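# Sequence and predicted structure are below.
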Amino acid sequence: MKNILASVALSLVAGFSGAYLYDTLKPETTTPLVHTAKDTLRTDLLNQAYLPPTEPRSSKDVPGVDFVKASTVSTNSVVYIKTYASQEYQRYSWFDLFFDRRPGMSERVVSGSGSGVIFSQDGYIVTNNHVIDNANKIEVVYQKKTYEAELIGTDPSTDLALLKVEAHNLPAIQVNSSRNVQVGDWVLAVGNPFNLNSTVTAGIVSAKGRRINILKDIFPIESFIQTDAAINPGNSGGALVNIDGELVGINTAILSRTGTYAGYGFAVPSDIVVKVVEDLKQYGIVQKAFMGVEVSDIDDQLSQELQLQTMNGVVVTNVESGGAGEQIGLEKGDVILFVDGDPIHSQASFDEKLSYYTPGDTVKVIVNRKGKRLNKELVLTNIDGTTGITKRMTFDAEKLGAVFETVPTLERARLNIENGIRVQEVKRGLIYQMGLQKGDIILSINRYKIQSAEELSNILEKIRGRVIVEILTSSGRRKFYSYYF
């Protein structure tokens, strides 16, 4: 009888345990349409054999086109990047299950990988921001030698990051202007997926100025080069080159329902890359120029509402108070047709055009206002609404276990907030215990508006009792949290 009861009890334990673990650990089945082309290796090692092979294409099949030179030149300038990040997870115990206890927390190291491009002989390397985001350690592997990389700076608005390794006489890639690229041009996508030696796929430029809404920054710059060259996981941060092996873009994303190549790849134009790299090297932060207006594409409905003869240009949907646009008299409903003589076809081309400028630059614009063309000239500003060099203002509060940064003037206006500081990095400490995350903006504590990180630190170190904290999350939602100190 005892043996029967023991067997029944063991079966029940096994059954409940299996169901519990399956419900806890089962994978998500929803697959996003747009993917970044990054490898994420699970700790139990992802089965690399599941990736379907792509159709090989040879330049021998294309009369008059030779990819050998481009492949030889460009593969020498592409590196493999490996990242290490700490990730917390709930540690389950049988005692937690049967005694209704909360599971404990443990930490594990998760590795990821991607590609990078050697940008200078002295060790500057460009990759995607999403490849190295949240990494505690970054390694660059080149010709079987591993270098520990220093993160010089990032630009989430273009999904670019700049690394530096201690090396000399590296084969820097030659850069060609992406403005020379035409739809129909042959290009090669070069990367190091899964730490393979540089792999090369060929295709054509199928479109320019693509906006796919993949970047989550408050001021994203999306004007991608679209190509049908196969870009598979692990190619993020790799090179898109022309048939001479010259860089015309940095591979960033693929459009797919499976996470693998399905005909559409996207790259950041090389002209944007050059501007970002120069700014990160010199200032540690990209010097973005703003016109002080919000714009949108013109569709058929909007064209009829504004009684426009064509759908060229972008329409002004909002004029920032005190911004450059307001100072020269731009109005809501104006259609911007040209910037410094270049035609504006879409919001993507408008954003790309402004990305080449620096705060303080003067530009000429031609606008259509109710059928009348107006010529305007304005001085572009920085994100704080001035014409000076922008500096990232951060505050490392050791007692709070976090790094904070000020929220720039134009961003506050866009978010419709008057004050607040952003959580830029979360370490072990009070902010971590409060459950706040990177990107959250702390607006007030007990209805007292927070103006600076120093002010926040002083308040949290001294306050006792019940505390109500107002947060604007990175997704744009206002929330109130209650704590007891």
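Nice, thanks for sending it over.
# Where in the protein is the helix or strand with the lowest mean pLDDT?
Counting by mean pLDDT, DSSP states H and E, the chain has its least confident helix or strand at strand 39-41, which shows a mean of 40.
# Quick one: mean pLDDT for the next helix or strand after that one?
Downstream of strand 39-41, the first helix or strand assigned by DSSP states H and E is helix 68-75. Mean per-residue pLDDT for helix 68-75: 92.
# Kindly report the same for stretch 449-461.
For stretch 449-461, the per-residue pLDDT averages 82.
# same deal with stretch 126-134?
So the average pLDDT for stretch 126-134 ends up being 93.
# Pull out the buried residues from it.
Neighbour counts over stretch 126-134 (16 or more other Cβ atoms under 10 Å) mark 126-133 as buried. (Glycine included, C-beta is placed from N, CA and C.)
# Pull up the distance across that stretch, start to finish.
Using Cα to Cα, to the nearest Å, the end-to-end distance of stretch 126-134 comes to 17 Å.
# which residues are in contact with that stretch?
With contact meaning Cβ atoms under 8 Å, 6 or more residues apart in numbering, stretch 126-134 is reached by 36, 38, 81, 83, 85, 112-117, 119, 138, 151, 154-156, 158-163, 236-237, 250, 252, 273, 277, 438.
# Now with 6 Å, please.
36, 38, 81, 83, 85, 114, 116-117, 119, 138, 154, 156, 159-161, 236-237, 252 (Cβ atoms under 6 Å, 6 or more residues apart in numbering).
# hmm, which of those are the buried ones?
Buried among the contacts of stretch 126-134 (16+ other Cβ under 10 Å): 36, 38, 81, 83, 85, 114, 116-117, 119, 138, 154, 156, 159-161, 236-237, 252.
# Next, count neighbours for L306.
16 (other Cβ atoms under 10 Å).
# Grab the nearest non-local neighbour of it.
Spatial nearest neighbour of L306, chain neighbours left out: G333 (6.2 Å); criterion: Cβ to Cβ, 6 or more residues apart in numbering.
# Just list whatever residues bridge to V140.
Beta-bridge pairing of V140 under DSSP bridges involves I81, Y147.
# tally of neighbours for it?
22.
# right, and it touches E150 too?
No: look at V140 against E150 with Cβ atoms under 6 Å: they stay out of range, at 10.2 Å.
# At which residues are the helices of the stretch 301-450 of the chain located?
For the stretch 301-450 of the chain, the helices defined by DSSP state H, counting those that start in this stretch cover 324-327, 347-355, 409-415, 430-433.
# Show me the one of these that comes nearest S77.
Closest approach to S77 among those (Cβ to Cβ): helix 347-355, 23.6 Å.
# Give the other helices and strands that that closest one contacts.
Applying 3 or more Cβ pairs under 6 Å, 6 or more residues apart in numbering; DSSP states H and E, we find helix 347-355 packed against strand 293-297.
# try 7 Å this time
Helix 347-355 sits against strand 199-210, helix 270-283, strand 293-297, with contacts defined as 3 or more Cβ pairs under 7 Å, 6 or more residues apart in numbering; DSSP states H and E.
# Please find the angle between the direction vectors of that helix and helix 270-283.
40 degrees (axes from the mean of the first three to the mean of the last three Cα atoms, to 10 degrees).
# How far does helix 347-355 sit from its chain's centre?
Remark: helix 347-355 is offset 17 Å from the chain centroid, using Cα atoms, centre = their mean, to the nearest Å.
# closest to R211 out of the helices of the stretch 301-450 of the chain?
helix 347-355 (4.3 Å).
# contacting residues around the closest one?
209-211, 221-223, 269, 272, 275, 289, 291, 295-297, 314, 336, 339, 342, 344 (Cβ atoms under 7 Å, 6 or more residues apart in numbering).
# at 8 Å instead, please
Contact with helix 347-355 is made by 158, 209-211, 220-224, 269, 272, 275, 288-291, 295-297, 314, 336, 339-340, 342-344, 380, as judged by Cβ under 8 Å, 6+ apart.
# Could you tell me which of those count as buried?
Buried among the contacts of helix 347-355 by 16+ other Cβ under 10 Å: 158, 209-211, 220-224, 269, 272, 275, 288-291, 295, 297, 314, 336, 339, 344, 380.
# where does the stretch 101-250 of the chain dip in pLDDT?
Filtered on pLDDT under 70, the stretch 101-250 of the chain yields the residue ranges 101-107, 194-196.
# quick one, strands of it?
Taking DSSP state E, counting those that start in this stretch, the strands of the stretch 101-250 of the chain run over residues 104-118, 124-128, 137-142, 145-148, 150-155, 160-164, 186-191, 199-210, 224-227, 239-241, 247-255.
# deepest of those, which one?
Between those, strand 239-241 has the highest mean count of neighbours, a mean of 32, where neighbours are mean count of other Cβ atoms under 10 Å.
# elements contacting that one?
helix 68-75, strand 186-191, strand 247-255 (3 or more Cβ pairs under 8 Å, 6 or more residues apart in numbering; DSSP states H and E).
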